[in-house]
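*Asks:* Give me a 3D structure for the following:
(one chain, ligands or ions: 1)
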Amino acid sequence: MSEAKDSITIVGGGLGGLTAALALARRNFVVRVLEGAPEFGAIGYGIQFGPNVFHVFERLGIADAVLEHADAPPGVIMVDALDGHEATRVATGRPLFRERFKYPYIVIHRVDLHRVLLDACARSDLIDLIPDAMVTGFAEERDRIVVRTEDGRSFTGTALIGADGVRSRIRAQMFDDGELHAIGYVSHRTIVPMAELTADVNRDDVVLWAGPGFHIVHYPLRHGALFNIVAVFRIASYGERVDAERWRADLQHTYRDAHPTMKALLAMLDLQRRWTLGVREPVRVWHKGRAVLLGDAAHPTLQTLAQGACMAIEDGLCVAEFMHLAGGDFERAFRQFERARSLRTARVTLESNAIWDMYHADGVAREVYWQSFGERSEEDVYQCLAWLYDGFRFPGETSAAADPARGVGA
Ligand SMILES: Cc1cc2nc3c(=O)[nH]c(=O)nc-3n(C[C@H](O)[C@H](O)[C@H](O)COP(=O)(O)OP(=O)(O)OC[C@H]3O[C@@H](n4cnc5c(N)ncnc54)[C@H](O)[C@@H]3O)c2cc1C
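*Replies:* Numbering: from 1, shown residues only. As a prediction, the model looks like this:
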């Protein structure tokens, strides 16, 4: 093995941070990942991945391990939450989908995916995973960067990657551009054993029930052992803490006219914990000196396209490749990284915002959207998703076309 290169500090051991760590170690960088939580791990719910993410997993040698834990649903379906009719479908299980996009559409338990990444990191001598290290800030000193933690420790490296999520402290120090703008919606996540699921509900597909001011997504996990539900509601009191039982009664009242399956799903929700959803305008610059952001810290997105984690994972490989090619000039690497990634990630953010409005529309707008969905053929749907699902062209990959939405080969 050739001599190890510079030592890189990554703040945040989520999906983006761990992918960057693996990709950097593969290029012989020494990496230290600082995670604020007492242990590395994920929140225990499901996640969906488009086929584009497999271009990264293949290159990192973890595609088979991911597939072992994943399920490939036959379809991703959008259903009208008021009358239950199917508005549109992406036939993800069809051979045509695999022929078109090369890899499957999957659903997987976040804990399982995190474990695959952590095991791969643990196999590398170049990666040091440090839990219980809540970072408070950093200082750049000529040719190095020093990161400080809440308990007074400091860690020195030649460059810093802030992969610390939507409430990134690294971003706050770099740009001081405030919090996410709340959009007035909250989200709840619930997971139940499939054996305990009594509702008469589709257990095979990813199903999205779209209604005025709310939606519910559900799908199976762990080869049918679990059932994952994400529910999103528009509410005036989104920032307040609420009593779960009072909130349940409010929901039952508000959605009294919803389809019976919707009501059965509502009854199953775990309402103890809720996530307030917010957005940021996309920006083109994610670095300052030797520090750069990736994933949610750089470009948070609503979950409508189910691509936030996919983008964080693509970022992780992409930034590592540019750092490898830059011969120690990290500022150049970070500028190239921004140029390569900013339009693709901004498109995810902006399209997610637009689809969010469609899902939750009411009245005439709702009917118009539904009508236009109904006019699309399977081929039209694949075509709409091609810019995303065809994957990103990573630095060094040979291709003449410079399509900013899909990346630019270096
Ligand atoms: C309801 C919901 C459903 C979603 N569904 C999907 C989906 O189906 N598909 C998809 O692709 N995306 C989905 N997303 C988006 C996805 O969860 C995020 O985009 C993704 O987790 C971002 O990864 P990340 O590594 O950038 O940040 P995170 O996953 O947030 O990781 C950040 C890490 O940094 C740590 N950290 C934070 N601050 C500090 C600090 N100061 N010091 C040290 N460590 C710190 C955190 O503990 C955490 O481990 C969904 C999001 C929501 C809210």
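*Asks:* these two touch, right, Val53 and Glu314?
*Replies:* Yes - applying CB atoms under 8 Å as the test, Val53 and Glu314 come out as touching, 7.2 Å apart. Bear in mind the C-beta positions are built from the backbone N, C-alpha and C, glycine included.
*Asks:* Residue numbers of the stretch 151-300 of the chain in contact with the ligand?
*Replies:* 163-165, 169, 187, 189, 230, 275, 295-297 (CB under 6 Å from any ligand atom).
*Asks:* what ranges do the strands span in the stretch 51-200 of the chain?
*Replies:* Along the stretch 51-200 of the chain, the stretches classed as strands by DSSP state E, counting those that start in this stretch are 76-80, 86-90, 106-109, 127-130, 135-141, 144-149, 154-157, 159-162, 181-193.
*Asks:* now, of these, which is deepest in the fold?
*Replies:* By mean neighbour count, with neighbours taken as mean count of other CB atoms under 10 Å, strand 159-162 ranks first of these at a mean of 30.
*Asks:* residue boundaries of the helices in the stretch 1-150 of the chain?
*Replies:* Counting by DSSP state H, counting those that start in this stretch, the stretch 1-150 of the chain has helices at residues 15-26, 54-60, 63-69, 95-101, 110-122.
*Asks:* go on, the stretch 201-350 of the chain?
*Replies:* 244-254, 260-268, 308-325, 330-359.
*Asks:* is any part of the third one close to the ligand?
*Replies:* The reference is to helix 308-325. Yes - using CB under 6 Å from any ligand atom, helix 308-325 reaches the ligand at 308-310, 312.
*Asks:* Verify the stated contact: Ser7 with Val33.
*Replies:* No - here Ser7 lies out of contact with Val33, judged by CB under 8 Å, at a distance of 11.8 Å.
*Asks:* neighbour count winner among those two?
*Replies:* A count of neighbours by other CB atoms under 10 Å puts Val33 above the other of Ser7 and Val33, at 27 against 18.
*Asks:* what sits opposite the more buried one in the beta ladder?
*Replies:* Going by DSSP bridges, Val33 is paired in beta bridges with Ile10, Leu129.
*Asks:* Any stretches of the stretch 251-400 of the chain with poor pLDDT?
*Replies:* 398-400 (pLDDT under 70).
*Asks:* now swap in the stretch 101-250 of the chain and tell me
*Replies:* Ranges of the stretch 101-250 of the chain meeting pLDDT under 70: 237-241.
*Asks:* how deep is whatever residue of it ends up closest to the ligand tucked in, by neighbour count?
*Replies:* Nearest residue of the stretch 101-250 of the chain to the ligand, counting by CB to the nearest ligand atom: Gly165, 2.8 Å away. Other residues lying near Gly165 total 20 when counted by other CB under 10 Å.
*Asks:* that older thread, most tightly packed of the helices of the stretch 1-150 of the chain?
*Replies:* Note that of the helices of the stretch 1-150 of the chain, helix 15-26 is the most buried (mean count of other CB under 10 Å), with a mean of 27.
*Asks:* how far off helix 308-325 does it point, in degrees?
*Replies:* Interaxial angle of helix 15-26 relative to helix 308-325 (axes from the mean of the first three to the mean of the last three CA atoms, to 10 degrees): 30 degrees.
*Asks:* Identify the residues contacting the nearest residue to Glu351 once chain neighbours are set aside.
*Replies:* Closest residue to Glu351 apart from its sequence neighbours, by CB to CB, 6 or more residues apart in numbering: Leu305 at 6.2 Å. Applying CB atoms under 8 Å, 6 or more residues apart in numbering to Leu305 gives the contacts 50, 348, 351-352, 355, 388.
*Asks:* Try it again at 10 Å.
*Replies:* 48, 50, 311, 347-349, 351-352, 355-356, 385, 388 (CB atoms under 10 Å, 6 or more residues apart in numbering).
*Asks:* With neighbour count as added columns, please give those in CSV.
*Replies:* Output for those, formatted as CSV (neighbours: other CB atoms under 10 Å):
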residue, neighbour count
Gln48, 24
Gly50, 23
Met311, 28
Arg347, 19
Val348, 25
Thr349, 22
Glu351, 18
Ser352, 18
Ile355, 16
Trp356, 21
Leu385, 19
Leu388, 22
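*Asks:* and which of these is nearest to the ligand?
*Replies:* Gln48 (3.6 Å).
*Asks:* buried subset of the residues of the stretch 151-300 of the chain next to the ligand?
*Replies:* By neighbour count, with 16 or more other CB atoms under 10 Å, those hold 163-165, 169, 187, 189, 230, 295-297 as buried.
*Asks:* Quick check: the farthest pair among those?
*Replies:* Arg169 and Val230 (26.7 Å; CB to CB).
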